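S.K.: Sequence and predicted structure are below.
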Amino acid sequence: MAIPAERRPAHLARLMKLFHGAPIARSMGTRLEYDAEHRAVFTQPYNPGFDHALGEIHGGAIATLIDNAGWFTVAGEYETWVATVEFQVRLLGRAKETLVARGRIVNAGKRLATTTMEIHAGDRLIAIGSGTFTVTSAPLPPL
């Protein structure tokens, strides 16, 4: 079920609290915010612990940001839990600096939602992605 406009700010605040309390957020140091269009915006400070053998950010860390940007953008639209069905990542460049990931909804249906996602390192686009997410009947977990 879609979030009524009057409940959207509280819902987005709850999602941010849910993310920031999760072990993955704490271990990666990632921060989540929502922009004026209710799209998820993730900031991932550079951490050499996520580098591959050549000393740049590993594609797995980038893929995690892509999935999160899509998932949290979709989750902002629904009152119930959503689950990732699939996502695709295209690595376009290398980075060794803070990353910013953003999601954008392409279509939000009753049962499925699709998104596009981008990751920038400064002014450089280093990854793009797309994702499909299913809307479940399960409630969001308690905080």
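M.R.: Thanks, I have the structure now. Numbering: from 1, shown residues only.
S.K.: in the chain, which ranges drop under the pLDDT threshold?
M.R.: 1 (pLDDT under 70).
S.K.: Now do the helices in the protein.
M.R.: 8-20, 23-28, 59-75 (DSSP state H).
S.K.: Minimum distance to Ala36: which of the ones you listed has it?
M.R.: helix 8-20 (11.4 Å; C-beta to C-beta). For glycine as for every other residue, the C-beta is placed from the backbone atoms N, C-alpha and C.
S.K.: so what secondary structure elements neighbour that closest one?
M.R.: On a contact count with 3 or more C-beta pairs under 8 Å, 6 or more residues apart in numbering; DSSP states H and E, helix 8-20 meets strand 31-34, helix 59-75.
S.K.: Apply 6 Å and report the result again.
M.R.: strand 31-34 (3 or more C-beta pairs under 6 Å, 6 or more residues apart in numbering; DSSP states H and E).
S.K.: ranking the helices of the chain by burial, who's on top?
M.R.: helix 59-75 (a mean of 23; mean count of other C-beta atoms under 10 Å).
S.K.: Now do that helix: which elements does it pack against?
M.R.: strand 40-44, strand 80-91, strand 99-108, strand 112-121, strand 124-139.
S.K.: that older thread, looking at the helices of the chain, which is closest to Phe133?
M.R.: helix 59-75 (4.5 Å).
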